[in-house]
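[1] when you get a sec, could you give me coordinates for this:
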Amino acid sequence: MQLTILGCHSATPRISAHQTAQVLEIKNHVFLIDCGEGTQVQLRKYKVKFNRIKHIFISHLHGDHYFGLIGLVSTFRLLTRDTDLHIYGPKGLEEVIMLQMKLGGSWTNFKLIFHELTSKESELIYEDDTVEVHTIPLKHRVYTNGFLFKEKVGERKLDMNAILNNDIDVAYYRKLKQGADVINEAGVLVKNEDLTTDPTPTKSYAFCSDTVYNESIVPIIKDVDLLYHESTFLEKHEKNAFPTKHCTAKQAASIAKQAQAKQLVLGHFSTRYDDLNEFKCEAQEVYQPVDIAAAGKVFQI
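    Residues are numbered from 1 along each chain as shown. Down below sits the predicted model:
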């Protein structure tokens, strides 16, 4: 599992402050999470292959999280994409995108499939054999979700020395991987645990974009391997956090501590701050390890 930050600042884009967008590579998927203005430029800059993105997750309908979407969809069309594109986001997103395309007389040559979200409870919104994605209901000025990405438990691993010593026919290897006990050449039942080892531990990633301090998300993200949590303000500007429904670095660290996350990444910084290391120092007073998001930064999970 690998996370690439394309942008991590709030409000208006600047030369060195790009709006929220991330790419998560997990189990042969390339998921795009939020799509702030200029995202497709950042995708090119960091050499993410456009054609591998089949699922896009939009947290909410504030411009710094989705204004890059119509441009990206248009570029896919110009590149003669023919693969379906699934977009998960708040109700109204489809209306916005389709109106822009309609008025511009621009239609895709691929299926554009919207999955509009309205629930205020956590729900499963994507699942296949290897990965599942759940919403994380957040509290912001408009309807907002974070997203929890979780690997599914894989197959058990074959212990070839034990298999050969117990005379297990190759025809049973598939059943062994699935956890079944099998009969050897002598007709004796051999326990699966004597022939296999546990599967590779699963990993998880939680993306928590714009939100006021919200302890109700803790059970959803419990024990997550990597938590990205917005930290728009430093504690000295806490008075601005609640009215705008944002968090401070210290508040984000408190959520990470309560959730027992293995690592915290801070982002969504207000452009008023020049020294982002202050966010890290502030959060470390509450929780460790802490890292700071930055465009182009890659996190191995």
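[2] what about the helices in the stretch 51-200 of the chain?
    In the stretch 51-200 of the chain, the helices defined using DSSP state H, counting those that start in this stretch lie at 63-66, 69-78, 93-103, 160-165, 173-177.
[3] which one of those lies nearest to Gln40?
    Among the helices of the stretch 51-200 of the chain, the nearest to Gln40 by Cβ to Cβ is helix 69-78 (4.8 Å). For the C-beta atoms, the positions are set from N, CA and C on the backbone; glycine is no exception.
[4] and the closest one, what other elements does it pack with?
    If contacts are counted by 3 or more Cβ pairs under 8 Å, 6 or more residues apart in numbering; DSSP states H and E, helix 69-78 sits against helix 39-45, strand 85-90, helix 93-103.
[5] shaky segments in this structure?
    Applying pLDDT under 70 to the chain flags no residue at all.
[6] what about stretch 17-24, distance to the chain center?
    Put simply, stretch 17-24 sits 11 Å off its chain's centre (Cα atoms, centre = their mean, to the nearest Å).
[7] just put the helices and strands packed on helix 69-78 in TSV and tack on distance to Lys177.
    Below are the helices and strands packed on helix 69-78 laid out as TSV (distance: least, Cβ to Cβ, whole Å):
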stretch	distance to Lys177
helix 39-45	36
strand 85-90	30
helix 93-103	40
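[8] how about these, which one is nearest Leu79?
    Among the helices and strands packed on helix 69-78, the nearest to Leu79 by Cβ to Cβ is helix 39-45 (10.5 Å).
[9] buried sites along the closest one?
    For helix 39-45, a neighbour-count test (16 or more other Cβ atoms under 10 Å) marks 39-40, 42-43 as buried.
[10] please apply the same query to stretch 268-278.
    By neighbour count on 16+ other Cβ under 10 Å, the buried set for stretch 268-278 is 268-270, 273, 276, 278.
[11] quick one on the thing from earlier: out of the helices and strands packed on helix 69-78, flag the one nearest Leu148.
    Nearest of those (Cβ to Cβ): strand 85-90, 12.7 Å.
[12] adjacent strands (with direction) for the closest one?
    strand 53-57 (parallel), strand 112-117 (parallel) (DSSP bridges).
[13] run the chain-centre distance for stretch 275-290.
    Counting by Cα atoms, centre = their mean, stretch 275-290 comes out at 22 Å from the chain centroid.
[14] same question for stretch 268-280.
    Centroid displacement of stretch 268-280 relative to its chain, using Cα atoms, centre = their mean, is 22 Å.
[15] also stretch 254-272?
    The answer for stretch 254-272 is 14 Å, by Cα atoms, centre = their mean.
[16] so which of the helices of the stretch 51-200 of the chain gets nearest Cys35?
    Here helix 69-78 is closest among the helices of the stretch 51-200 of the chain (Cβ to Cβ), at 4.4 Å.
[17] in TSV: the strands paired with strand 85-90, plus mean neighbour count and distance to Leu164.
    Shown next, in TSV, are the strands paired with strand 85-90 (neighbours: other Cβ atoms under 10 Å; distance: least, Cβ to Cβ, whole Å):
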stretch	mean neighbour count	distance to Leu164
strand 53-57	21	41
strand 112-117	16	48
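[18] nearest to Gly92, out of those strands?
    Checked against Cβ to Cβ, the stretch from these lying closest is strand 112-117, at 7.6 Å.
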